[in-house]
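Visitor: Model the structure of this input:
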Amino acid sequence: MTDDQHTAQADTAQADAAQAEAAQADAGQHLPEELAAFAAGRAVRLRIVRHAETEHNINHLMQGWSDSPITEPGHRQIAAVARHLAQHRFDLAFSSDLQRTRTTAEGILAALDPQPPIEYSELLREWNFGAHEERPAADVWQEVIVEHGFEVDRELSALRAIGEQVGWRGLFDTIAKLDSSGQAEQAAATVMRADAALEHVIRAAGSAAGEGEVEVLIVSHGGFITSLLRQLVPELTPDVILPNCSISTVSLPAGTLVWQLDGLGEVAADLAG
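Guide: So this is what the prediction gives:
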């Protein structure tokens, strides 16, 4: 067998493994109505906030599970979103345990009266990019383009074409495939983590004290928030990275099993207007 044949065989085996993992995730994850059932008939509103701008964001580095400081504009973003959210009452709060989300969550909580209890969870972390962490994002995407046989000098159109062919799962599975450390998450693993995070949050809301609507604050990451939204409103969730400190709101009316998307990627300035 030639080297090319060995390579083709290895690529096929890896693609088959990725498809098998995706199928397993699809079989294991909850449907939106199954997640809704964990609320036990309570009305629930999830206000999901992306963390503030970081140094890695403005330097266009792959951030994932790595961290970098919040920028000065990022601190102003936190103050703005905190002022907006202070008009709401929150019963529960959850945040990724990474520093950029903790800082954002703490800034929001400081403006709330009363402050809800908060739980920091690894389940709400961003996608793990393995050895791609802190690399220039342009370099990683160029490798994805080459892997799919497109020309790098047509980067934007190439990425669109690849996205149309393989979808968001395929794009991030390619990043994982190209990770030399083997630590980057496959899309199926990210889906299952989002599913587990939502089950935990919604069960907590369903068992919250009182009988009225349960207001929940979630602080997470741009890529992972889209994973959360796809579990609840898959037909309404675009393949986009939401703005820093934006709010996406999903609600579940009492006694129903159908989630509603009330707001997507709204920033404080827009909400104030």
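
Visitor: isn't R47 right up against S251?
Guide: No - with contact defined as CB atoms under 8 Å, R47 does not count as touching S251 (9.4 Å). Heads up, the C-betas are built off the backbone N, CA and C, glycines and all.

Visitor: higher neighbour count, those two?
Guide: R47 (24 against 19; other CB atoms under 10 Å).

Visitor: Surely the more buried one is in a strand?
Guide: Yes - assigned with DSSP: H, G, I helix; E, B strand; the rest coil, R47 falls within a strand.

Visitor: does I218 really touch R47, like I thought?
Guide: Yes - in this structure, I218 is within contact of R47 by CB under 8 Å, at 7.1 Å.

Visitor: Relative to A137, how far out is H60?
Guide: Look at H60 and A137: by CB to CB, to the nearest Å, they are 5 Å apart.

Visitor: what's the answer for H51, then?
Guide: Distance from H51 to A137, by CB to CB: 17 Å.

Visitor: More neighbours: which of the two?
Guide: Set side by side, H51 and A137 show more neighbours around H51, with 30 against 16, by other CB under 10 Å.

Visitor: surely that one meets N244?
Guide: Yes - look at H51 against N244 with CB under 8 Å: they come within range, at 6.7 Å.

Visitor: which neighbours do these two share?
Guide: Here H51 and N244 share no contacting residue, scored by CB atoms under 8 Å, 6 or more residues apart in numbering.

Visitor: May I ask which helix or strand encompasses A184?
Guide: Using DSSP states H and E, A184 sits in no helix or strand.

Visitor: For the residue lying closest to it once chain neighbours are set aside, give me its contacts.
Guide: The shortest distance from A184 to any non-neighbouring residue, by CB to CB, 6 or more residues apart in numbering, is to G130 (3.3 Å). By CB under 8 Å, 6+ apart, the contact list for G130 reads G64, A176, D179, S180, S181, G182, Q183, A184, E185.

Visitor: burial of E151, as a residue count?
Guide: Counted by other CB under 10 Å, the residues lying close to E151 total 10.

Visitor: for T190, same thing?
Guide: 22.

Visitor: repeat for E266
Guide: 18.

Visitor: my guess is T249 is in a helix, correct?
Guide: No - the assignment for T249, made by three-state DSSP, is strand rather than a helix.

Visitor: Going by neighbour count, which of the contacts of G130 are buried?
Guide: Taking 16 or more other CB atoms under 10 Å as the criterion, what is buried in the contacts of G130 is G64, A176, D179, A184, E185.

Visitor: pLDDT wise, what is the spatially most central residue of the chain at?
Guide: Residue closest to the average C-alpha location in the chain (CA atoms, centre = their mean): F224, at 1.0 Å. Reported pLDDT at F224 in the predicted model: 96.

Visitor: Am I right that it is in contact with A189?
Guide: No - here F224 does not reach A189: they are 11.9 Å apart, not a contact under CB under 8 Å.

Visitor: what do the two both touch?
Guide: Here F224 and A189 share no contacting residue, scored by CB under 8 Å, 6+ apart.

Visitor: As a check, name the ranges of all strands in the stretch 1-150 of the chain.
Guide: With DSSP state E, counting those that start in this stretch as the criterion, the stretch 1-150 of the chain has strands at 44-50, 92-96, 118-121.
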